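Visitor: Pasting a predicted model and its sequence here:
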Amino acid sequence: MNRPPPPEPDDAATGLPGFRSWRAVYVFVLGVFVLWVGLLTLLTALYS
Amino acid sequence: MNALDYLVLLGVLVGIAGYGLWRTRGHHNLRSYLKGSRETRWFTIGLSVMATQASAITFLSTPGQGYESGLGFVQNYFGAPLALILVAAVFLPLYRRLNVYTAYEFLGQRFDPKTRLLGAGLFLLQRGLGAGITIYAPAIVLSTVMGWRLDLTIVSTGLLVVVYTVAGGSDAVNLTQKYQIGVIFAGMVAAFCVLLARLPAGLGFRDVLAVAGGFHKLEAVDFSLNPDRRYTLWTGLLGGCFLALSYFGTDQSQVQRYLTGASLRESRLGLMFNAVWKIPMQFFILLLGVLVFVFYQFERPPVFFNQTAWHDQAAHGAGARLRALEQDFTAAHAAQARQIQAWVAARHAGDAAAAAAARTAALAASARVEAARSATKAVLHAADPRISANDSDYVFITFILDHLPHGLIGLLVAAFFAAAFSSKAGELNALGSTTTIDIYRHVVRRDAGDAHYVAATKWFTAFWGLVAIGFALFASLAENLIQATNIIGSVFYGVMLGLFLVAFFVRRIGGTAVFWAALAAQALVLGLYFTLSISYLWYNVIGCAACVLCSLILQAFLPANHANDRE
């Protein structure tokens, strides 16, 4: 069998404008999630 | 469906499969066949992960859920963003660092061979069972409404997927999934636009929401702590998180998708793409079902959405009773439509008292509509016990066939099949890989060449494809199809996640302790499943917690974890 390529380094840079670290990306995703749950809760409250 | 619809349907399905085969033609080594060319960008990975999860059941059955029960099912996906962050931050870097082909290879490196085999076995068992449903679910609905033969629909769709998955491997799966999900989204957006256009004149979007809300279809978030309620914020956050963590982190059909990334960054971004879009996508599909519900408040729907079953029975002994119930239904529906029109008019006039009175009258008429529907279901079920009383899987396809223009009907039916193909291909690719890497290469033949293992993977992929087709040919399902898939997953996923959480976070536990703990936890979950009536999402939590706790207890009585047990 072919030998697998050597393990790659854990890339710290996200390459995304405005996001210097992966932690910032995760916080953004969590923020979007909270926003969605908030909007759905509002929809429930307005139309139930 | 007319000739134009069939042209669109065949053109889309055969075109995508053929393009995938052509683009990935040529020889493969084991790495490129299982992990692709490792050039895949984040957008393709993101769509591929989404397409693998979103099967035809998602697009046929979820609007039906929205029609019947409203938006509450969206809570099932509340745990997904949290789980995807954990997978991207913890699971993914380790899988890539260890250069594994399958998630279960990691269990072998962390624990021992028997734990690796247990993980692979649990995956093959639950995914093998689910694989049949992925083909059967759309085939039963589409063949019924189209008048096609069920067995031919299952065999022809199953074989087409098997052919391009076997021939092209992981790259073909990723490539075809990208275009298939494009067709699915195009179809869904087209259906949404047609629905909005066909609502009565003068009915604005706020009126639509008011009508849907008046019938309790917009209750998206439920804060209830009652464990008997299937979908609440808490089952979604906790149970849904465990389900999603198991699925995205330990199910090879997903792991294989994101391991094809050109780099860790591309794989991570693909997962984050899903973390951001999963909830809105499910919300949109459910909202489509809610809009269909509102549409059918003004346009009379069939009394029973599986019209083939209704017409079959109406032509026989139960005909007189069914037609009488249909007349009751028609009268009640007409009264309901009038009251809703009055309700909307009163809202426009700003007359709150008249609006409240009309709404109360509409709800009373709706109760008569539902009573006629329930009686019809009872008559049908008594006449033929094989007829399921749950007709929600037929709601969306009935709307499409009755109210969409030709050409678009073909596109929507192609979208359902594209969804079936994309998830089926991901599953088969993973089943073939796991059987080769974790069973065949690990236990049966350890020292063969690359070409031998590629050939073995192709044979195993074809084998699992035929198993799925066989299972689908003989399967019969009672409950809503998407729930059946999730229930099978929940019964096995919790324990699987427990194995991986111990592997990642509890370094002192060894293979023997976690192996026996996993078996005990699986027995516990199966026992509870057959004796309790709690929401199935809780089995993810129970299985995982039982596996971790039993591992800790067993390890206390066993010798310390020795590294030389590992592979």
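Guide: Cool, the structure landed. Residues are numbered from 1 along each chain as shown, chains lettered A, B, ... in the order given.
Visitor: my read: B:Y136 touches B:T153, true?
Guide: No - between B:Y136 and B:T153 there is no contact under CB atoms under 8 Å: 9.7 Å. Bear in mind the C-beta positions are built from the backbone N, C-alpha and C, glycine included.
Visitor: Between these two, point out the one with more neighbours.
Guide: Higher neighbour count among B:Y136 and B:T153: B:Y136, with 27 against 22, using other CB atoms under 10 Å in any protein chain shown.
Visitor: if I look at the more buried one, how far off is chain A?
Guide: 32 Å (CB to the nearest CB, to the nearest Å).
Visitor: Which residue, neighbours along the chain excluded, lies closest to that residue?
Guide: With sequence-adjacent residues excluded and distances taken as CB to CB, 6 or more residues apart in numbering or on different chains, B:Y136 is closest to B:A472, at 3.7 Å.
Visitor: which SSE is the one you found in?
Guide: helix B:450-474 (DSSP states H and E).
Visitor: Which positions in that helix come out as buried?
Guide: B:450, B:452-454, B:456-458, B:460-465, B:467-469, B:471-473 (16 or more other CB atoms under 10 Å in any protein chain shown).
Visitor: what sits against the closest residue to chain B within chain A?
Guide: Closest to chain B within chain A is A:Y47: 2.7 Å, counting by CB to the nearest CB. Applying CB atoms under 8 Å, 6 or more residues apart in numbering or on different chains, we find A:Y47 in contact with B:L209, B:A210, B:A212, B:G213, B:G214, B:L218.
Visitor: separation between the closest residue in space to it that isn't next to it in sequence and B:F223?
Guide: Take A:Y47 and drop its neighbours on the chain: the residue closest to it by CB to CB, 6+ apart is B:G213, 2.7 Å away. Distance of B:G213 to B:F223, computed by CB to CB, to the nearest Å: 17 Å.
Visitor: Compare neighbour counts for those two and give me the winner.
Guide: B:G213 (18 against 9).
Visitor: which residues touch the more buried one?
Guide: A:L46, A:Y47, A:S48.
Visitor: What is the neighbour count of B:N76?
Guide: 23.
Visitor: Is it correct that it is in contact with B:C241?
Guide: No - in this structure, B:N76 is not within contact of B:C241 by CB under 8 Å, at 10.8 Å.
Visitor: where does chain A have low pLDDT?
Guide: For chain A, the stretches flagged by pLDDT under 70 are A:1-12.
Visitor: on that earlier part again, by contact count, what packs against the helix holding B:A472?
Guide: helix B:30-35, helix B:113-146, helix B:150-198, helix B:408-434 (3 or more CB pairs under 8 Å, 6 or more residues apart in numbering or on different chains; DSSP states H and E).
Visitor: Just name the most buried of the ones you listed.
Guide: Ranked by mean neighbour count under mean count of other CB atoms under 10 Å in any protein chain shown, the helices and strands packed on helix B:450-474 are led by helix B:408-434, which reaches a mean of 27.
Visitor: is that helix up against chain A anywhere?
Guide: No - applying CB under 8 Å from any CB of the partner chain, one finds helix B:408-434 out of contact with chain A, separated by at least 14.6 Å.
Visitor: what's the spacing between that helix and its chain's center?
Guide: 11 Å (CA atoms, centre = their mean, to the nearest Å).
Visitor: other SSEs contacting that helix?
Guide: By 3+ CB pairs under 8 Å, 6+ apart, helix B:408-434 packs against helix B:3-23, helix B:42-53, helix B:56-69, helix B:113-146, helix B:150-198, helix B:252-258, helix B:395-403, helix B:450-474.
Visitor: Dump those into CSV; add distance to B:A331 and mean pLDDT as well.
Guide: Below are these laid out as CSV (distance: least, CB to CB, whole Å; pLDDT from 0 to 100):
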stretch, distance to B:A331, mean pLDDT
helix B:3-23, 34, 85
helix B:42-53, 43, 89
helix B:56-69, 22, 86
helix B:113-146, 26, 82
helix B:150-198, 23, 86
helix B:252-258, 49, 89
helix B:395-403, 21, 90
helix B:450-474, 41, 87
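Visitor: Is it possible to get JSON lines of the ones you listed that adds distance to B:R359?
Guide: JSON lines is the format used below for the helices and strands packed on helix B:408-434 (distance: least, CB to CB, whole Å):
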{"stretch": "helix B:3-23", "distance to B:R359": "39"}
{"stretch": "helix B:42-53", "distance to B:R359": "38"}
{"stretch": "helix B:56-69", "distance to B:R359": "20"}
{"stretch": "helix B:113-146", "distance to B:R359": "33"}
{"stretch": "helix B:150-198", "distance to B:R359": "22"}
{"stretch": "helix B:252-258", "distance to B:R359": "45"}
{"stretch": "helix B:395-403", "distance to B:R359": "23"}
{"stretch": "helix B:450-474", "distance to B:R359": "45"}
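Visitor: nearest to B:A367, of those helices?
Guide: Ranking these by distance to B:A367, with CB to CB as the measure, places helix B:56-69 first at 15.3 Å.
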